[in-house]
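>>> Build me a structure from this.
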Amino acid sequence: MLKMENCCGKVDMETFEKYLSSSACVVEPPAPASSSGNNLVLVPIPRYPAMPRLYSPSSKISSSANDNVIGTSEVCSNDGPSAIAVVSKVKFKVKGMECAACASSVEKAVKRLHGIQDASVSLLQSTAQVVFCPVFISEQTIQTAIEDAGFDATEMEEEEVHGRYTVCRLQIKGMTCTACSSCIESSLEQTHGVKKAVVALATEEAEVHYDPEIVNYKMLIKSVTDAGFEAELISAGNESNRIHLKLEGTHTQEDMELLQSSLMEFLGVKNVETDLQNSKIAVSYDPDETGPRRFLEVIGKAGFKASLQTDLGAPDRSKEVKEYKHQFLWSCVLTIPLFTLSMILMYIPALKHILQSKIINMLTVGMLLRWVLSSPVQFFFGRRFYTGAYNALKHGSTNMDVLIALGTNAAYFYSVYVVIRAATSNHFKEIDVFETSAMLISFILLGKYLEVLAKGKTSEAIAKLIELQPEFATLLTLDENGDVLAEKEISTQLIQRKDMIKITPGQKFPTDGVVIWGVSYVSESMITGEACPVPKHPGDKIIGGTLNQSSVLHVQATHVGSETALAQIVRLVKAAQMAKAPVQKYADKISRYFVPFVVLAALITCMAWFGAGISGTYPKSWIPASMDEFELALQFGISVLVIACPCALGLATPTAVMVATGIGASQGILIKGGQALESTHKVQCIVFDKTGTLTEGKPVVTSTKLFRGLPLSNFYRLVSAVEANSVHPIARAILQYAPALCEKTNDSDWNCQVENFELVTGQGVHAITGNKRVAIGNRKLMQSLNIALSEEAQQHLQSMEELAQTAVLVSFDNQVVGIISVSDPVKPEAAGAISLLQSWGIRSIIVTGDNWGTARAVAREVGVDTVIAEAEPSTKVDKIKDLQRTGMIVGMVGDGINDSPALVAADVGMAIGAGTDVAIEAADIVLMRSNLEDVLTAIHLSKKTFSRIKINYVWALGYNVLALPLAAGVLFPLVGLRLPPWVAGAAMAISSVSVVCSSLLLRSYKRPKKLITLKQIKLSS
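Residues are numbered from 1 along each chain as shown. Model prediction:
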């Protein structure tokens, strides 16, 4: 039996009056998510028993002791409510699924069962999650149904379902180089219960995977603190449907308990956690029942003030910038007079006499003043270097702070020794170098200030993404009839699911939703990069952050907070910035041994110059008038200590990756970390899927060839009945074509019952309908069913394939009765994209499940030489592995759904046209638009990024290779060039800043001119 459903929800009742009068048919408006258009779609009425309506609007989903029992609801029949049923959830591990068709068949097999409320199948995770009513069905029955569909199924244990490990994100402060991040990683991973820890120097964040039954986030923070660094919680565990509230003012434990009990009384609130020390409350809730707006109202009525916190923002470095700026300026207040006393006033006769006046023995006024001025700089403004060095050495590691502490202490305490000797001796005439340590610390603080400023620039991409979300939104209050009663302006953060939001022209959409009322054009360029405005009608989906252009829309919120597409994009970009590129491991290895090597080099330098001085190896004229042999040797040693810079090595890769992933996100290219970015620029061969990748992915029926005297309407009546059970794009094309034919012929006799439907992956479908065995598919399907092709059918088949059209064979009772020709136009930019890849030396291959003739025709049109047709999903994987065995780096471009096994197998998987589905696990790179130029942009951006990383490493390594010998005095005997310690410190600070600034040059990245030409070709077509 069939029902007719119009995709727009509008049915021509007059045209189909006879049809509607038939008892076998009904017409219903579709779900809002259905595609728009005026074509009618024939969909079979379910052949399994009518589903009880398990959820009523008033039903409450509550937690229980058993997590698998997710709630209770009213079971309804035509006569009204009949019982209260418990709704349970079970998850199965399903083996044998290879493509989306397999997942679809499993889902259909389960949903046919009586008592199933919902079923979702994940092809990537090989799991099936089922929500069911135990009154009607058991877990064993569901498992049997999956096995009867041809797959192995086992029920997952609770630990498998929820996962044993959870993730905690921490903000880390005090890191200076990769040695610091390695120290923190080691400290966290040594904590019992921690599986893995990743610390990113550039973002100053840590991501920890841990077992919550063994360790909690407070213990993780303590591990970081024990390592000598500051840590602050960003998020812990599953943050979906969970918010954090920050209370203003001071509070008692009684206040927290009062708020906790008040919030727990809310319908939909699952858990409330309080943190008295930080004045925070974390609330886990059901977004269908309640939301943050209600929570703030309750807290306000209790006499407290609270604000909503989010972890999606870019790292806030304002406090750190302010701290370094103040320390640098205040250190200058002391360092500038100190420098003046040492380097300028000593050469003014009148002032020199005063400064050299003796106080005790050989202790002068100038020495005492310099000591007084330098001590606060050394111990107050330089205390962070002491703390960092102590913590590093305590854990058996070394970092930049160790070098700075050694260098400044050597200068300062040598000067203290000079002062004490001068005060206790009548003949001691050495010169102090207090200005060396003070100037060194001041210049390093300046460098740190500039470095933090530059690091902030690398996070601008995230900040710009977040700025897409407007600060406020207009909330509508509706009556029972849907009429607007009132409007209210609220913060975007307080929008709850199912809220009705009013968006005027020129405003941005505050959250994801569905258009309920109005028609307008929406610019999605800020999210997907698509330049052309997209028309939106009732039922169409809206992406938060996009811009309404032409008229007022009423939008119902469907995804809020962390669920929105914008929030997912931000999280993906931040995760990418946390992931380390493989090339970074070399810098980590060098940094591990760098500091000990520098300390050893400084000792050797100092001893060599001192030994040469006292042995008379070099003339006394080389020694400056204010120094002796030891002071000269000490200055060379200090210069070697402070000029070496492991920071530049540690920042070379992560800062470039941060900027590149941000640039990619702004252009609709979501790169999942440094590994994907590094592999992309090495790609030598790209495997393309055909449908939806090289072609538009919207096939249409172009012609029908019948080989028997069969009315066309009767032919399509049977074909549509069978294809209505399939989700394949070609099936949808046929279903869109058939109703139009029905309207032309005014044929209402489409009463068909489908039995024994079977989907054969990569071949087609067959079933029994209208007392006939109907098979619809390609040559392989006909061969497997032992159906012979007549010579006329073969000739027509060949001619259609040569025209790049897909020929769909149709047989009734084992005889081919017709061929349906379906055309899927090639994307206008496809040929240019393939040509540009070839000019870059990248080979292109097409692997498709379509027939050979169509595949070859498309290949000729786009300029690809190698084609593999009639390929099943496993064939694509095998081809990729064959290419990899030859030593090639292989990329795969597909639609991210039925190509997922190949996307996983490839070195770089690119899911094209993913739209808002940014959580595709199979792909390494998610392309928001269905545009081939983004494939080229991703490769080009990767090449530019790694060219910049190479430049960063050349500069960082080259600086240290050249600077260390220069600081050691290699050129001093030849040209008299010597770097004072404060100059060496300034050079070290500048080197870190220069590497970050070098990475920031990627912000000026522009697509190649040839890509702009491709875009113009697409727009013109």
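
>>> And the helices in the stretch 401-550 of the chain?
Using DSSP state H, counting those that start in this stretch, the helices found in the stretch 401-550 of the chain span residues 434-458, 460-467, 525-528.

>>> Go through those helices and find the least confident stretch.
Lowest mean pLDDT within those: helix 525-528, at a mean of 65.

>>> residues touching the residue nearest to residue 422 when sequence neighbours are not counted, list them.
Spatial nearest neighbour of residue 422, chain neighbours left out: residue 362 (4.0 Å); criterion: C-beta to C-beta, 6 or more residues apart in numbering. Yep, even glycine has a C-beta here, placed from its N, CA and C like the rest. Contacts for residue 362 (C-beta atoms under 8 Å, 6 or more residues apart in numbering) come out as 421, 422, 423, 425, 426, 427, 428, 429.

>>> The same query, at a cut-off of 10 Å, please.
Residues in contact with residue 362, defined by C-beta atoms under 10 Å, 6 or more residues apart in numbering, are 418, 419, 421, 422, 423, 424, 425, 426, 427, 428, 429, 430.

>>> Likewise for residue 283?
Going by C-beta under 10 Å, 6+ apart, residue 283 touches 241-245, 259-260, 263-264, 266, 269-274, 290-292, 294-295.

>>> how close does the residue nearest the centre of the chain sit to residue 826?
With distances taken as C-alpha atoms, centre = their mean, residue 572 lies nearest the centre of the chain, 1.0 Å away. From residue 572 across to residue 826, the span is 30 Å (C-beta to C-beta, to the nearest Å).

>>> quick one, phi/psi of the residue nearest to residue 422?
phi -100, psi 0 (degrees, to the nearest 10).

>>> And it, how far from residue 426?
Relative to residue 426, residue 362 is positioned 7 Å away (C-beta to C-beta).

>>> same question, residue 485
Residue 485 is 96 Å from residue 426, by C-beta to C-beta.

>>> so what pLDDT did residue 607 get?
Residue 607 is assigned 92 on the pLDDT scale.

>>> May I ask which helix or strand encompasses it?
Using DSSP states H and E, residue 607 maps to helix 584-614.

>>> Can you name every helix or strand that the next helix or strand after that helix contacts?
As assigned by DSSP H and E, the chain's next helix or strand after helix 584-614 is helix 629-643. Secondary-structure packing of helix 629-643 (3 or more C-beta pairs under 10 Å, 6 or more residues apart in numbering; DSSP states H and E): helix 400-424, helix 434-458, helix 584-614, helix 933-967, helix 981-1000.

>>> Quick one: those as TSV, columns for distance to residue 765 too.
Below are those laid out as TSV (distance: least, C-beta to C-beta, whole Å):
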stretch	distance to residue 765
helix 400-424	66
helix 434-458	52
helix 584-614	50
helix 933-967	32
helix 981-1000	53
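
>>> Which one, of these, ends up nearest to residue 340?
Proximity to residue 340 (C-beta to C-beta) singles out helix 434-458 among the helices and strands packed on helix 629-643, at 9.3 Å.

>>> now, which of the contacts of residue 283 lie within strands?
When the contacts of residue 283 are checked against strands (DSSP state E), the matches are 242, 243, 244, 245, 269, 270, 271, 272, 273, 274.

>>> right, and the fourth one touches residue 293 too?
Right, the one you point to is residue 245. No - contact status for residue 245 versus residue 293: not in contact, 11.9 Å apart, counting by C-beta atoms under 10 Å.

>>> Please say which of those two ends up with more neighbours.
Per other C-beta atoms under 10 Å, whichever of residue 245 and residue 293 has more neighbours is residue 245, with 22 against 16.

>>> Next, the contact list for that one, please.
259, 263, 272, 274, 279-283, 292, 295-296, 299, 304, 306-309.

>>> Who are the contact partners of the residue of the chain most remote from its centre?
Distance from the C-alpha centroid of the chain, by C-alpha atoms, centre = their mean, peaks at residue 426 (70.6 Å). Under the criterion of C-beta under 10 Å, 6+ apart, the neighbours of residue 426 are 358, 361, 362.

>>> ok now do the second one, which residues does it touch?
Residues touching residue 361, when contacts are defined by C-beta under 10 Å, 6+ apart, comprise 421, 422, 423, 424, 425, 426, 427, 428.

>>> top of those residues by neighbour count?
Result: residue 422 is most packed of the contacts of residue 361 (other C-beta under 10 Å), 24 neighbours.

>>> So that one is in contact with residue 370, correct?
No - Residue 422 is not in contact with residue 370 according to C-beta under 10 Å; the separation is 11.8 Å.

>>> shared neighbours, the two?
Listed as contacting both residue 422 and residue 370 by C-beta under 10 Å, 6+ apart are 364, 432.

>>> coming back round to it: please read off the pLDDT at the residue farthest from the centre of the chain from the model.
On the pLDDT scale, residue 426 gets 82.

>>> One more: residue 159?
Note for residue 159: predicted pLDDT of 42.

>>> Residue 650 now?
pLDDT, residue 650: 73.

>>> same deal with residue 99?
Looking at residue 99, the pLDDT reads 65.

>>> Equivalent analysis for residue 373, please.
According to the model, residue 373 scores 92 on pLDDT.

>>> what do you get for residue 29?
At residue 29, the model reports a pLDDT of 37.

>>> so the residue nearest to the centre of the chain makes contact with residue 670?
Yes - the pair residue 572 / residue 670 is scored as a contact, 5.2 Å apart, by C-beta under 10 Å.

>>> The nearest residue to residue 963 once chain neighbours are set aside: neighbour count?
Of all residues not flanking residue 963 in the chain, residue 643 sits nearest, at 4.8 Å (C-beta to C-beta, 6+ apart). Using other C-beta under 10 Å, residue 643 has 28 other residues around it.

>>> residue contacts, residue 643?
403, 407, 598, 602, 959-960, 962-964, 966-968, 979, 981, 983-988, 991.

>>> Just the buried subset of those, written out for PyMOL, thanks.
In PyMOL, the members of those classed as buried (16 or more other C-beta atoms under 10 Å) are selected with the following command:
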select buried, resi 403+407+598+602+959+960+963+964+966+967+968+979+981+983+984+985+986+987+988+991
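
>>> The stretch 151-300 of the chain: helices as residue ranges?
Using DSSP H, counting those that start in this stretch, helices in the stretch 151-300 of the chain cover 158-162, 178-189, 217-226, 253-264, 292-301.

>>> Output those in a markdown table; the columns should cover distance to residue 611.
Below are the helices of the stretch 151-300 of the chain laid out as a markdown table (distance: least, C-beta to C-beta, whole Å):
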| stretch | distance to residue 611 |
| --- | --- |
| helix 158-162 | 66 |
| helix 178-189 | 31 |
| helix 217-226 | 42 |
| helix 253-264 | 67 |
| helix 292-301 | 71 |
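
>>> coming back round to it: please pick the buried ones from the contacts of residue 245.
Buried among the contacts of residue 245 (16+ other C-beta under 10 Å): 259, 263, 272, 274, 279-283, 292, 295-296, 299, 304, 306, 308.
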